[in-house]
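>>> This is a predicted model, with the sequence first.
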Protein chains: 4
Amino acid sequence: MGIRTAVAGASGYAGGELLRLLAGHPEFELIAATAHSQAGQPVTAVHPQLAGLDMVFAATDPATLADADLVFLALPHGQSAALAAALPETVKVVDLGADHRLRDAAAWSRYYGGEHAGAWTYGLPELPGRRAGIAAATRVASTGCYAVATTLALAPLIAAGAVRPDDVVVVAASGTSGAGRAAKTHLLGSEVMGDLSPYKVGAHQHVPEIKQATGATGLSFTPVLAPMPRGILATVTAVPTGDADPRAVLAAAYADEPFVHVLPEGAWPHTAATAGSNSCHLQATVDVDSGRVIVVSAIDNLGKGAAGQAVQNANLMVGLPETTGLSVFGVAP
Amino acid sequence: MGIRTAVAGASGYAGGELLRLLAGHPEFELIAATAHSQAGQPVTAVHPQLAGLDMVFAATDPATLADADLVFLALPHGQSAALAAALPETVKVVDLGADHRLRDAAAWSRYYGGEHAGAWTYGLPELPGRRAGIAAATRVASTGCYAVATTLALAPLIAAGAVRPDDVVVVAASGTSGAGRAAKTHLLGSEVMGDLSPYKVGAHQHVPEIKQATGATGLSFTPVLAPMPRGILATVTAVPTGDADPRAVLAAAYADEPFVHVLPEGAWPHTAATAGSNSCHLQATVDVDSGRVIVVSAIDNLGKGAAGQAVQNANLMVGLPETTGLSVFGVAP
Amino acid sequence: MGIRTAVAGASGYAGGELLRLLAGHPEFELIAATAHSQAGQPVTAVHPQLAGLDMVFAATDPATLADADLVFLALPHGQSAALAAALPETVKVVDLGADHRLRDAAAWSRYYGGEHAGAWTYGLPELPGRRAGIAAATRVASTGCYAVATTLALAPLIAAGAVRPDDVVVVAASGTSGAGRAAKTHLLGSEVMGDLSPYKVGAHQHVPEIKQATGATGLSFTPVLAPMPRGILATVTAVPTGDADPRAVLAAAYADEPFVHVLPEGAWPHTAATAGSNSCHLQATVDVDSGRVIVVSAIDNLGKGAAGQAVQNANLMVGLPETTGLSVFGVAP
Amino acid sequence: MGIRTAVAGASGYAGGELLRLLAGHPEFELIAATAHSQAGQPVTAVHPQLAGLDMVFAATDPATLADADLVFLALPHGQSAALAAALPETVKVVDLGADHRLRDAAAWSRYYGGEHAGAWTYGLPELPGRRAGIAAATRVASTGCYAVATTLALAPLIAAGAVRPDDVVVVAASGTSGAGRAAKTHLLGSEVMGDLSPYKVGAHQHVPEIKQATGATGLSFTPVLAPMPRGILATVTAVPTGDADPRAVLAAAYADEPFVHVLPEGAWPHTAATAGSNSCHLQATVDVDSGRVIVVSAIDNLGKGAAGQAVQNANLMVGLPETTGLSVFGVAP
């Protein structure tokens, strides 16, 4: 008998990846997958990659979820708080949405609108000193996809005093699954194949989350939509404070981390190498012309950027080895 | 202590996928990965998706491989026979190449050139009555990628007498990894993205293999290169002999198969849904205009079409459950 | 002062390509582009590739269109007939939709539903003996995209008696723009990239059109959606009646055609090579195993398959050289 | 009788695009296309998109080229100087390579190696005051692809004093054709599809060119390889000096330019919208969090970034309207 798990909002891309991971997890038992408009449909009608999983979407209803030991919320931003409040305290909850990530209520309202529901334990185990808190928590707010990629690249450098926190410039490109599964014209294959385009330029909702997680005080963040289904590549630049080797700082910070790989010198991250995995690949150097530190990180936005990260947090919360049911290796080419 | 496994020719795409599967397999221990020009390089220099696997390519040398209980050969066609002959009989061998698939020496010579090395047990467990033979064998020739996709679609229909074996027309499109990892201009990303193009039209080497495996006597097979890294979609048409429902014939044939899924009526296969898995998705109908039976099958050419199939055979050969270390679910989107 | 042209239904993909061709045409003047829900929007809000074209979508209204010498209808199937009926006879009309292609009213009703509006002159100038009729017509029904690709491959072989008309098998793959610009989940970039999938298997609406244009009497046609924005690759197989060289038959039929290229022996068509052009590339051989004739054709579904073909017809209808404003050369890579 | 033109190095991607533009140019006559290892091959064997162009690659030989009025050099970096020196002064030359772009010989040697061949007139007509110089020159060094995208975004802002020149951060992603047509494993379709990866991080050869063209004094430039055949998207950030609206500065600078489009407010550039065209699309804003100016520009790396730009320069050099034979509109989707 495994730990009973359920996924609310399982018809989206992060939800589908959660189902894949949970169905293959050796200790978790998947007891329910809920959806809104797809309730009553077979899971495989929405996620054909799960052929062989004989399950029907239930309606997203607290009673269905309360039967689980552990619930994952993969809902649109703003919908987690009410549902979570309706679940017993004994049910552990990992929220993949943004509702409970920010400690700054004003920042929440500015970027997401509405009233802030309050912060939960922030679920990025690789941040120094956070693992024990996650393991002890019953409510964990999993990190946003761009925030994972940027924070893992930047946090150790700011923490070590190796770069200034007030002039960070990030350009990060994401595969289209990061934009969700709603049918929108600008996300059609005909539009995105062969195309790169920025969006939400000048004001992205992950900025306050990244600042909170890294200690950055000045941060320009430009997201770009890239012609691939999965993957985030974040190029993070900052001004060094001295002569510290940024690669060495990162290598020291992540020496014992199973999912964060500082690549051998000269090798730069490829998003494709992280597809389907919970890994983050990092490399860093100092630009010869400008003197800026440049760090590049790659993740699978649905893996370490969403479902994988959530399962990693859940493993900690229930006392399992952190890597259970997760892959270090990507599916490539 | 697991079963000791090694991969010869591990620097190609099928080899890389084998390493991924073996490194994550709960019963197999990966003791060696060999290569030709890449010998001496870290595995991750060639396969960045395996970051975290600390292994260096050895030279492809019988002594290195003889130390394993089980050896996978992922070599170019024509190179398996000599290497296999140099391995002790006690070492079990799965060959992903074509050397030992055909019983017809003349067909081998016509399509591959050179002298035929002799047939081994043919490794497609879903063919009726073959499982026991594979389980008992010490040498197994794993099925070719196009042959897997076509044979799973066609063999039950011919076996049931539901279609004529003498007028089968197949058009099958493959992702680029099927063309290998050698640097060739026509395989550059700039050339293949946005492009569909047929190749080897009128004479493809998988034709005699498909005939042997299915009993087809007349078979036109046209392969097409498609702009995606992985996946094969085979459209198989044949002339019905009567009124049998082709979907029902397939559903009956594969009712107990863990990796072959006849999709619900109205759902047609997607290659993306099989990516990273060992599954084959099938659907069939009768064309209203021509009366032909049309069966479409989708696989991951590196999964069920190569490395996954090979591990499935290996599991049988060493007495493990056939599904050990393999995924039924695809990584999508 | 050029010939005054207008496009009805200009917000779709074929409509956008028409606008591109007309805006660059040396003899045509673009006076109006109409749309339904996008009426009142700048054309560039929908078609950013036309930046520099200062035009606003008008509503699709006969009065607006009646002001033109030549009107292109790029409307959803079933909507052309009523609009065309409301235009003066003096306005020449090219319909890119299906409404007026079929002579067989029963076939129309079966595949499209509703009442048949009657056949117009069929607009495929490369069919023997059709050019004069197109040049003399005031109403022309332009060929469907799959029908162009298949008919150009097949018609000369049937006309020459080189293949039997009763056992033709076609598998044709199209880029996603062929499925239109409506926001549908299964057409999202996340779904189609990395994916091949068939659709409308067993009953496709282009079958009666192809039969009518080629004389085929038995035709199995399976369409496949391919991960690229543009392009159709049709693999057409048929049973030869004798020893005629199919490539020679095609080369003779198209010797004087500016847009149809039978490739040098050994070279097979690439859809990417036709992108943005009005060309069709062809190659043919006889399959060594089955003896079937295999012809492969490639077009740009929005070029020769839609907007290019329509402009070619329009050029004929107004007495211009057929190639005016059209490109023989593709944009590749 | 048109102006006689020839292309040296016509077997690469920029060379192929030049041939396409020249073959469709109303005033230029294409008399020769030269190549190195492909000499003696039909042009269409290398560039199948040019089916219908009946020309064979000549060897790259000054005598062949001296017969033209105008020669385009599309050679690997370092090979233009010697060939240009062997051509008569009466032959006008546009070099698409880097040999003659930089005025700083030391920068040339540092990034390209070898001895500097000396600077020619720098061919970016949209830079203030440069058109007349290009029109008067017989030797023009066309701008590099990344330099076009970055310079058009940045130069007017520095010239207007709207941003500081000493803290510019650029991240620019390019389609794979920018990496050339040589067969390299890391450029295979299997490797690049689904992948984003940076390269030459920390030291890119376009940095001194961009500094020279824009007046930037501190510039961090990180290039990224993107999974598409064509297109560059450059995200350029800089520190504002005051309250100037960056979009207004750009709109004023390019008000009369036919090929540079500052998009309507709220619309951001798409690389796909520029494919096949000579256009550059721009948009700018001020980041609400960091206060940085963010400008994004999109071009076709083979169009405005290479062959289109070269033809634009050539048009000026021979006294034709600058837009002759070039398209403002992209081929999309």
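That came through fine.

>>> where does the stretch 201-333 of chain A come near chain C, residue by residue?
A:227-229 (Cβ under 8 Å from any Cβ of the partner chain). For the C-beta atoms, the positions are set from N, CA and C on the backbone; glycine is no exception.

>>> check contacts around A:L124.
A:130, A:143, A:147-148, A:151-152, A:213, A:309 (Cβ atoms under 8 Å, 6 or more residues apart in numbering or on different chains).

>>> Pick the one among the residues you listed closest to chain B.
Of all those, A:L152 has the smallest distance to chain B: 14.0 Å, by Cβ to the nearest Cβ.

>>> Distance-wise, check that closest one relative to B:G242.
A:L152 is 62 Å from B:G242, where distance means Cβ to Cβ, to the nearest Å.

>>> again, but for A:P269
57 Å.

>>> more neighbours, A:L152 and B:G242?
A:L152 (30 against 7; other Cβ atoms under 10 Å in any protein chain shown).

>>> pretty sure the more buried one contacts A:L282?
Yes - shown here, A:L152 and A:L282 form a contact pair, counting by Cβ atoms under 8 Å, at 6.7 Å.

>>> what residues do those two have in common as contacts?
Counting by Cβ under 8 Å, 6+ apart, the residues touching both A:L152 and A:L282 are A:254, A:260, A:297.

>>> Throw the residues of the stretch 201-333 of chain A next to chain C into JSON lines and include secondary structure, thanks.
Putting those into JSON lines (DSSP: H, G, I helix; E, B strand; the rest coil) gives the following:
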{"residue": "A:P227", "secondary structure": "coil"}
{"residue": "A:M228", "secondary structure": "coil"}
{"residue": "A:P229", "secondary structure": "coil"}
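
>>> Keep only these that also lie close to chain B.
Answer for these near chain B (Cβ under 8 Å from any Cβ): A:P229.

>>> quick one: which of the residues of the stretch 201-333 of chain A next to chain C is nearest to C:T34?
C:T34 lies nearest to A:P227 out of these, by Cβ to Cβ, at 31.0 Å.

>>> Return the residues in contact with the closest one.
A:176, A:192-196, C:189, C:193, D:226-228.

>>> and if you look at A:S197?
By Cβ under 8 Å, 6+ apart, the contact set of A:S197 is A:224-225, D:233, D:268-272, D:298.

>>> And for A:A135?
Here A:A135 is in contact with A:316-317, A:319 (Cβ under 8 Å, 6+ apart).

>>> That one: what secondary structure?
Once three-state DSSP is applied, A:A135 turns out helix.

>>> low-scoring stretches of the stretch 151-300 of chain A, by residue?
By pLDDT under 70, the stretch 151-300 of chain A has no low-scoring segment.

>>> ok, stretch A:28-46 near chain B or not?
Yes - with Cβ under 8 Å from any Cβ as the criterion, chain B is reached by stretch A:28-46 at A:42, A:44-45.

>>> Filter those down to the buried ones, ChimeraX style.
Buried residues within these, by 16 or more other Cβ atoms under 10 Å in any protein chain shown, are selected in ChimeraX with:
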select /A:42,44
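
>>> Can you redo the residues of stretch A:28-46 next to chain B as a markdown table, where the extra columns are secondary structure and pLDDT?
A markdown table is the format used below for those (DSSP: H, G, I helix; E, B strand; the rest coil; pLDDT from 0 to 100):
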| residue | secondary structure | pLDDT |
| --- | --- | --- |
| A:P42 | strand | 98 |
| A:T44 | helix | 98 |
| A:A45 | helix | 97 |
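
>>> got the residues of stretch A:28-46 next to chain B as a markdown table, with distance to chain C columns?
Converted to a markdown table, the residues of stretch A:28-46 next to chain B look like this (distance: Cβ to the nearest Cβ, whole Å):
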| residue | distance to chain C |
| --- | --- |
| A:P42 | 16 |
| A:T44 | 14 |
| A:A45 | 11 |
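
>>> ok, of the residues of stretch A:28-46 next to chain B, which one's closest to B:L22?
Among those, and counting by Cβ to Cβ, the member closest to B:L22 is A:T44, at 28.8 Å.

>>> Quick check: the gap between that closest one and B:G24.
24 Å.

>>> residue of the stretch 1-150 of chain A with the smallest distance to chain B?
Closest point on the stretch 1-150 of chain A to chain B, by Cβ to the nearest Cβ, is A:Q49, at 3.5 Å.

>>> do the stretch 101-250 of chain A as well
Relative to chain B, the nearest point of the stretch 101-250 of chain A is A:P229 (4.4 Å; Cβ to the nearest Cβ).

>>> For whichever residue of the stretch 1-150 of chain A sits closest to chain D, list the residues it contacts.
Of all residues in the stretch 1-150 of chain A, A:R110 sits closest to chain D, at 9.2 Å by Cβ to the nearest Cβ. Contacts for A:R110 (Cβ under 8 Å, 6+ apart) come out as A:P208.

>>> repeat for A:A182
For A:A182, the contact set (Cβ under 8 Å, 6+ apart) comprises C:T185.

>>> That one: what secondary structure?
Strictly by three-state DSSP, A:A182 counts as coil.

>>> Which residue ranges of the stretch 151-300 of chain A form helices?
All helices of the stretch 151-300 of chain A, identified by DSSP state H, counting those that start in this stretch, fall at A:189-192, A:206-214, A:246-253.

>>> What are the buried residues along the last one?
When neighbours are counted by 16+ other Cβ under 10 Å, the buried residues of helix A:246-253 are found to be A:246-247, A:249-251, A:253.

>>> which other helices and strands contact it?
On a contact count with 3 or more Cβ pairs under 8 Å, 6 or more residues apart in numbering or on different chains; DSSP states H and E, helix A:246-253 meets helix A:145-159, strand A:260-262, strand A:280-286, strand A:293-299.

>>> Go ahead and produce PDB holding the CA coordinates of it.
The C-alpha coordinates for helix A:246-253 follow below in PDB (Å, rounded to 0.1, in the frame of the first residue of the first chain):
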ATOM      1  CA  PRO A 246      31.500  32.000 -10.700                       C
ATOM      2  CA  ARG A 247      31.700  28.400 -11.900                       C
ATOM      3  CA  ALA A 248      33.600  27.400  -8.700                       C
ATOM      4  CA  VAL A 249      31.000  29.100  -6.500                       C
ATOM      5  CA  LEU A 250      28.200  27.200  -8.200                       C
ATOM      6  CA  ALA A 251      30.100  23.900  -8.100                       C
ATOM      7  CA  ALA A 252      30.700  24.300  -4.400                       C
ATOM      8  CA  ALA A 253      27.100  25.100  -3.700                       C
END
